[in-house]
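Asker: Everything below, folded, please.
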Amino acid sequence: MKNTVLATKWRPKLFSDLIGQEPVVTALVNSLDNKRLHHSYLFTGTRGVGKTTLARILAKCLNCETKGITSDPCGECSSCISIDAGQFVDLYEVDAASRTKVEDTRELLENVQYMPTQGRYKIYLIDEVHMLSTHSFNALLKTLEEPPEHVKFVLATTDPQKIPSTILSRCLHFSLNRITPEVIKNQLEKVLENEQIKYEDQATANISKIADGSMRDALSIAEQCISHGNNEITYENICKILCLMPSDSVNKLIDLLVNEDIESIIKIIDKMYYQSFDFKFLLEELISIFHQTAIYKITKSLNNSPYDSSIKKVSDKYDEDEIQILYQVGVSNLKDMEFAPNYKSGFEMAVIRMILFTPFDVEKIISQSGPSSATGTKKNIKENDITKDKSVAIKNNTKKEKSIEIEEITASSVSDLEGKITIEKNWGIVIKRLDIDAMTKNLANNITYDSEKNNLINFLIDESLLSVVTSKSVAKLQESLSHYFKKDILINVEKSNLSLPTLQKKSENDYNNRVIEADKKIENDEFIKAIKEKFNATSIDDSIQINEQIKGE
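Answerer: Residues are numbered from 1 along each chain as shown. Got it, this is the predicted structure:
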């Protein structure tokens, strides 16, 4: 029966037919033309890039009867025809995965010393050589280093890291590259045209992308699509056969993601689940869109892909930092997908995290709302608007933490609307945003704003706390303020005998008030009263402490 498998039918028979491996082909052609032959070759690379094909072409080049040793065998002599048909008696193709024992290797090498039967050289092609055992490699060492003149070894593997360095040092190593999608697409279209198969450009482009650098995978996928589409390859059929989501649906998903319509997204995911979509591939597409958006932010150029509209929407919605976070969330969830109960739940969690964990930028919201908002008052900022955009940061906190965070965001937003955050009015907010060490923060908490002239800011400190004022802490605070306000700032700290309203004092007063309140609650507790009356017990003064972790409760 005639073999019609495309990957076999279109296997290259000459170096000139091989695609995507120009550096390796050039090196082999030059060595053959100059008769500088090595006794052992090692071809490495991923599946379907031409390792075994190169080995067979090399065997024809060494054994061509018409042209002798050449880089362009005739393909018509008995040796070339036999090698193409897999019937050349002096070409020993060995599958190392099925012959891993040292006894198999010894048996193979027993006949090395004998002259070739049909050709000029005996060629030993050992495929997936990394599967050999340690003893098998050791048995191969001496013969591989100094074989008879009529013997050539060609080794092929997808995992060169597992090959001992003693073997690598005895071989001429050629690393085959993954074939680019553009090269695969051109070759695939050439094959389809010769086979008189109708195809869509978008279909061949997607096959080339899915093949992941393997020409053989591309031809196998194409053959599957040809069978399904009755000698026609369409993008719709590819999506059905490979359970992929069409680009229009991906664009719709991105649109819902940008609009944060989580309910509609969950419904679409449920629908996709029953259509057996590949959720891992879909997440990879989202990550790819975020990656392309990050590039678009810098270059402002698109690649005419089906996702150009989505890239523009994502770019308009998020800034550079947020796109980086979306990308990182996608990559992290891609790793975690294998540990999820199923790919569907893993993809759902990825989308939910993308929506909920996007940073909240008050200034961005203000700038998007227009200049009229910038001149507004506190009334123009509604608390529910703040909590809507900051939903994630608040959801994991307690009720008390929610109100505190809302107050901080509201205060920050109002300050931005009025112009900018000032040290005089918002010293507490400024300190929280500074990147300072504990010593410098202690200084900041114990000083109060006094006056400002040009870039010099004067602070006051209680004379009993002058020990916290060190040259190092002052310099650090000055540097942090300059970096925060994006201008050069000088500070001066003077002693004062007045009672200053510092942040430290305010914090201590709040703490003391909480202790007093807790003491009252304990004294008024019926259970405590009963114990005191029954055992004539008394409370120990100053024994009440508030845990710092729940101090704000």
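
Asker: Now do the same for the residue most central in space within the chain: its pLDDT.
Answerer: The C-alpha lying nearest the average C-alpha coordinate of the chain belongs to Val331 (Cα atoms, centre = their mean; 4.0 Å). The pLDDT attached to Val331 in the predicted structure is 92.

Asker: hang on, isn't Phe153 packed against His39?
Answerer: Yes. With contact defined as Cβ atoms under 8 Å, Phe153 and His39 form a contacting pair (6.7 Å). In short, each C-beta sits where N, CA and C put it, glycine included.

Asker: And these two? Which one has more around it.
Answerer: Neighbours of Phe153 and His39, each counted by other Cβ atoms under 10 Å, are more numerous for Phe153; the result is 23 against 18.

Asker: Show the contacting residues for the more buried one.
Answerer: With contacts defined as Cβ atoms under 8 Å, 6 or more residues apart in numbering, Phe153 is in contact with 39-41, 124, 126, 144, 147, 171.

Asker: which residues are common contacts for Phe153 and His39?
Answerer: Counting by Cβ under 8 Å, 6+ apart, the shared contacts of Phe153 and His39 are 144, 147.

Asker: who's in contact with the residue nearest to the centre of the chain?
Answerer: Residues counted as contacts of Val331 (Cβ under 8 Å, 6+ apart) are Ile287.

Asker: Could you confirm it falls within a helix?
Answerer: Yes. The assignment for Val331, made by DSSP: H, G, I helix; E, B strand; the rest coil, places it in a helix.

Asker: What distance do you get for it to Ile355?
Answerer: Distance check for Val331 against Ile355: by Cβ to Cβ, to the nearest Å, it reads 17 Å.

Asker: What of Ser482?
Answerer: When Cβ to Cβ is applied, the distance between Ser482 and Ile355 equals 37 Å.

Asker: out of the two, which sits in the more crowded spot?
Answerer: More neighbours sit around Ile355 than around the other of Ser482 and Ile355, counting by other Cβ under 10 Å; the figures are 19 against 15.

Asker: excluding its backbone neighbours, what's nearest that one?
Answerer: With Cβ to Cβ, 6 or more residues apart in numbering as the criterion, Ile355 has its nearest non-adjacent residue at 5.2 Å, and that residue is Glu260.

Asker: One more: Ala55?
Answerer: Using Cβ to Cβ, 6+ apart, the nearest residue to Ala55 is Val154, at 4.3 Å.

Asker: Same question for Ile184.
Answerer: Across the structure, with Cβ to Cβ, 6+ apart as the measure, the residue nearest Ile184 apart from its sequence neighbours is Ser208 (4.1 Å).

Asker: do Leu326 as well
Answerer: Take Leu326 and drop its neighbours on the chain: the residue closest to it by Cβ to Cβ, 6+ apart is Phe290, 5.0 Å away.

Asker: Was I right to think that neighbour contacts Val314?
Answerer: Yes. Under the criterion of Cβ under 8 Å, Phe290 makes contact with Val314 at 6.8 Å.

Asker: can you list residues touching both of these two?
Answerer: Common neighbours of Phe290 and Val314, using Cβ under 8 Å, 6+ apart, are 323, 326.

Asker: Could you list the low-pLDDT ranges of the stretch 351-500 of the chain?
Answerer: In the predicted model of the stretch 351-500 of the chain, residues 358-421 satisfy pLDDT under 70.

Asker: what about the strands in it?
Answerer: For the stretch 351-500 of the chain, strands defined by DSSP state E, counting those that start in this stretch occupy the ranges 447-453, 456-462, 490-496.

Asker: before we move on, what about the chain?
Answerer: For the chain, strands defined by DSSP state E occupy the ranges 40-44, 91-95, 122-127, 151-157, 172-175, 198-199, 232-233, 447-453, 456-462, 490-496.

Asker: Let's have those strands in TSV, adding distance to Val351.
Answerer: Listed next are the strands of the chain as TSV, based on distance: least, Cβ to Cβ, whole Å:
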stretch	distance to Val351
strand 40-44	39
strand 91-95	44
strand 122-127	43
strand 151-157	40
strand 172-175	39
strand 198-199	33
strand 232-233	31
strand 447-453	46
strand 456-462	47
strand 490-496	47
